[in-house]
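A.B. asks: pasting the sequence and the predicted coordinates here, then a few questions.
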Amino acid sequence: MALGSVGVVYGDIGTSPLYAFREALGQASRDGVTAAGALGVTSLALWALILVVTVKYIIFLSRLSNHGEGGVLSLMALAQRAVGRRTALIFTLGVIGAALFYGDAIITPAISVLSAVEGLKTVPGLGGMISPTMVLILSGVILIALFAVQSRGTAKVAAWFGPICLVWFAVLAALGISHILPQPGVLVAFNPLYGVTFLADHGTAGLFVLGSVFLTVTGAEALYADMGHFGRKPIVAAWLWLVLPCLALNYLGQGGMALQAVELARGGRVENADWFFTMAPEILRAPVVILATMATVIASQAVITGAFSLTSQAMQLGLLPRMKIARTSEHEAGQIYIGRVNIALLLGVIMLVAVFKSSAGLAHAYGLAVTGTMVVTTALAFIVVRGKWKWPLWKAALVFIPMMTVDLVFLGANALKVLSGGFVPLMLGAGIFVVMATWVRGAGSVRARAAREALPLTDVIAMLSRRPPARAAGTAIFLAADNTEAPAALMHNLKHNHILHQVNVVLSVRTADRPRIADADRLAFEDLGHGFWRATATFGYMEQPSIPRILGLARKGGFKVEMNTTSFFLGKRTVVRSAKSPLPPWQARLFILLVRNASAASDVYRLPPGRVVEMGAQVSV
């Protein structure tokens, strides 16, 4: 499990040495690299790994799990349970965190692959042939191929992710050691005073450097988000015994190489360089570039898979419209594919590559999305420890004030880059936030209107018992948001067809605030008499709803449902804008567009196509 986590969880943070040190030292050395700048950046990089990743995520946040699951939406559900309800603050924080994650999911593949392909410029004999245009073309080909294979699943190649990344981290460590040995003085960077002194001496310029130093910890959210796939112990073990030592050695090696360059210059000006690839001997440069490209593809794959998983959770929690989900593995529940998300990510990634043209340009856009997500995570964690763990305010403040201070300092440092590229994740996050907020508000308006017009199911049954309609053989299952009310499809069937089935089940599918539900707790039935049953199916927000699976559980529980004699009735709503809509005109139009492009309920709930009957109705918002 620890080996698997190395490939999936730490792919993103493991490729940060390709560009993080170079960008930070470039900000620190506008007039040339200095010894103080090299030691200051190295110290800041080491302590960013220690404070942000090790202390905050490994030691503390990894203990905040929602039945084993992590991530911003899991933490949102945990916070809601801690306070006993969904509050506007918790909902807003969760949606902001999820929206910013999508910005990260678009930027990570672009910057990772670009930085690896740019390493070809350092290969002897190839440097003159690799033009900026060639870098863009090769990066585009790799990225298009990566997204093109998503629909086939990654189950077969995922087995190689861990071993490849294990080799990658070993190479990181070996390259670092090879440049620490000639410059052992770089080890003083473990003293945090070098980083603090550097920031104090450089003022505002130091904040720009700090924003680039934050690139060393991008990907830290992944270890928390993927906790449910591997468990806390393997993720913690992989970080403490492999990933952290290898990353620290590599950053120390890059710092040592910079110090050596300053010494050789003897007071002359030293230009900033692509320190990572020049660390490798020329004879090994090409293999290192190939290995780096493989590592960046793995890092990109982990983020893409995370975007699919987050989208699935968001749909289950009612934050996004329904989209068709395809399973790409018969054995791994987490191996899913969402075509619309894949296309959107591909278009976004290609656009970023075409606009920014280099990893250096993209570095300005990268940190803001991740720091924003980290601030949200810290805020939600505070709510959980106060509401669920019942920590007193003084104890929570003792832990969270330093943690939030570090997050806000990094956020402020990255905010300085808004005009030079930081606006990109903000725009992406804002767009996704608007979509989520519009969907939640519009769906709530539709439900409220339907509830005002609906009749209690028990009243309808009593009315039908007095004037029974004709009965047809078989079972009818009516899917309804609220199974205490008569579904619109049931009322339309009576109105137009004047008939009822022998057995009528009003089924409501609900999403729990837990990631998974035991089969024993999944289905509840209630006999209402006169051939009517009320049923509630419950799924965790990490699970994919399946009505056939529910019917299998019903048969085991003694409720006989034969698929070939069962009809599924769905209410298909056509949404139009009302003159008295509570939504602004632009938001109403956006909600209508989302409804029209949402996947059919029959696809989402995996209903057999030949057994579905849709009854249409018009609803105004």
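C.D. replies: Okay, I see it.

A.B. asks: output the contacting helices and strands for the least confident helix or strand in the chain by mean pLDDT.
C.D. replies: Every helix and strand of the chain was ranked by mean pLDDT, DSSP states H and E. The lowest is helix 227-230, at a mean of 74. Applying 3 or more Cβ pairs under 8 Å, 6 or more residues apart in numbering; DSSP states H and E, one finds that helix 227-230 contacts helix 2-8. All C-beta atoms are positioned from the backbone trio N, CA, C, and that covers glycine.

A.B. asks: okay, buried residues for the helix it packs on please.
C.D. replies: Ala2, Gly4, Ser5, Val6, Gly7, Val8 (16 or more other Cβ atoms under 10 Å).

A.B. asks: okay if I get those residues as a markdown table plus pLDDT and distance to Thr216?
C.D. replies: Below are the buried residues of helix 2-8 laid out as a markdown table (pLDDT from 0 to 100; distance: Cβ to Cβ, whole Å):
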| residue | pLDDT | distance to Thr216 |
| --- | --- | --- |
| Ala2 | 77 | 22 |
| Gly4 | 77 | 23 |
| Ser5 | 78 | 19 |
| Val6 | 84 | 18 |
| Gly7 | 79 | 20 |
| Val8 | 77 | 20 |
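
A.B. asks: right, and the helix or strand after the least confident helix or strand of the chain?
C.D. replies: helix 232-238 (DSSP states H and E).

A.B. asks: same question for that following helix, mean pLDDT?
C.D. replies: Summarised as a single mean, pLDDT over helix 232-238 is 89.

A.B. asks: other SSEs contacting that helix?
C.D. replies: Checked by 3+ Cβ pairs under 8 Å, 6+ apart, helix 232-238 has helix 2-8 packed alongside it.

A.B. asks: low pLDDT regions in this structure?
C.D. replies: Across the chain, the ranges flagged by pLDDT under 70 are 127, 154-158, 267, 329-334.

A.B. asks: what helices or strands is the longest strand along it leaning on?
C.D. replies: Counting residues, the longest strand found in the chain (DSSP state E) is strand 499-511. Strand 499-511 is packed against strand 470-479, helix 488-497, strand 532-539, helix 547-556, with contacts defined by 3+ Cβ pairs under 8 Å, 6+ apart.

A.B. asks: what does the least confident helix or strand of the chain rub up against?
C.D. replies: 1-2, 4-5, 8-9, 62, 65, 68-71, 74, 235, 334, 515, 542 (Cβ atoms under 8 Å, 6 or more residues apart in numbering).

A.B. asks: and those, which are buried?
C.D. replies: Counted by 16+ other Cβ under 10 Å, the contacts of helix 227-230 give 2, 4-5, 8-9, 62, 65, 69-71, 74, 235, 334, 515, 542 as buried.

A.B. asks: quick check, Gly103 in contact with Phe423.
C.D. replies: No - the pair Gly103 and Phe423 fails to qualify as a contact (Cβ atoms under 8 Å) at a distance of 10.7 Å.

A.B. asks: where do the strands sit along the stretch 101-250 of the chain?
C.D. replies: With strands called from DSSP state E, counting those that start in this stretch, the stretch 101-250 of the chain shows none.

A.B. asks: tell me how many other residues crowd Gly616.
C.D. replies: 12 (other Cβ atoms under 10 Å).

A.B. asks: which non-adjacent residue is nearest it?
C.D. replies: Distances taken as Cβ to Cβ, 6 or more residues apart in numbering place Lys572 nearest to Gly616, at 4.8 Å, with adjacent residues excluded.

A.B. asks: whichever strand or helix holds the one you found: partners in the sheet, and parallel or antiparallel?
C.D. replies: In the assignment (DSSP H and E), Lys572 maps to strand 566-576. Strand 566-576 sits in its sheet next to strand 470-479 (parallel), strand 612-620 (parallel), going by DSSP bridges.

A.B. asks: mind giving me JSON lines with these and columns for distance to Thr108?
C.D. replies: Listed next are these as JSON lines, based on distance: least, Cβ to Cβ, whole Å:
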{"stretch": "strand 470-479", "distance to Thr108": "38"}
{"stretch": "strand 612-620", "distance to Thr108": "39"}
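
A.B. asks: and Val289, what does it touch?
C.D. replies: Ala116, Val117, Gly119, Leu120, Thr122, Val123, Phe277 are the contacts of Val289 under Cβ under 8 Å, 6+ apart.

A.B. asks: Arg534 too?
C.D. replies: Leu457, Asn483, Thr484, Val505, Val506, Phe525, Glu526, Leu528.

A.B. asks: and for the first one, nearest residue in space, chain neighbours not counted?
C.D. replies: Looking back up the chat, that one is Leu457. Nearest to Leu457 is Ala486, by Cβ to Cβ, 6+ apart, at 4.9 Å.

A.B. asks: against Val141, how distant is the one you found?
C.D. replies: 56 Å (Cβ to Cβ, to the nearest Å).

A.B. asks: these two: who's more crowded?
C.D. replies: Shown here are Ala486 and Val141; by other Cβ under 10 Å, Ala486 has more neighbours (24 against 12).

A.B. asks: ok, that one touching Leu455?
C.D. replies: Yes - counting by Cβ under 8 Å, Ala486 touches Leu455, with 4.9 Å between them.

A.B. asks: outline the domain layout of this protein.
C.D. replies: The record assigns the chain these domain ranges, following automatic domain parsing: 2-440, 450-620.

A.B. asks: determine which stretch of the ones you listed is the most buried.
C.D. replies: domain 2-440 (a mean of 20; mean count of other Cβ atoms under 10 Å).

A.B. asks: and that one, how far apart are its ends?
C.D. replies: End-to-end distance of domain 2-440 (Cα to Cα, to the nearest Å): 38 Å.

A.B. asks: what of stretch 327-341?
C.D. replies: End to end - Cα to Cα - stretch 327-341 spans 14 Å.

A.B. asks: ok, now stretch 212-232?
C.D. replies: 29 Å.

A.B. asks: ditto for stretch 385-401
C.D. replies: 14 Å.

A.B. asks: likewise for stretch 24-32?
C.D. replies: OK, stretch 24-32 end separation, Cα to Cα: 13 Å.

A.B. asks: give me every residue that touches Ala413.
C.D. replies: Leu207, Phe208, Leu210, Gly211, Phe214, Gly367.
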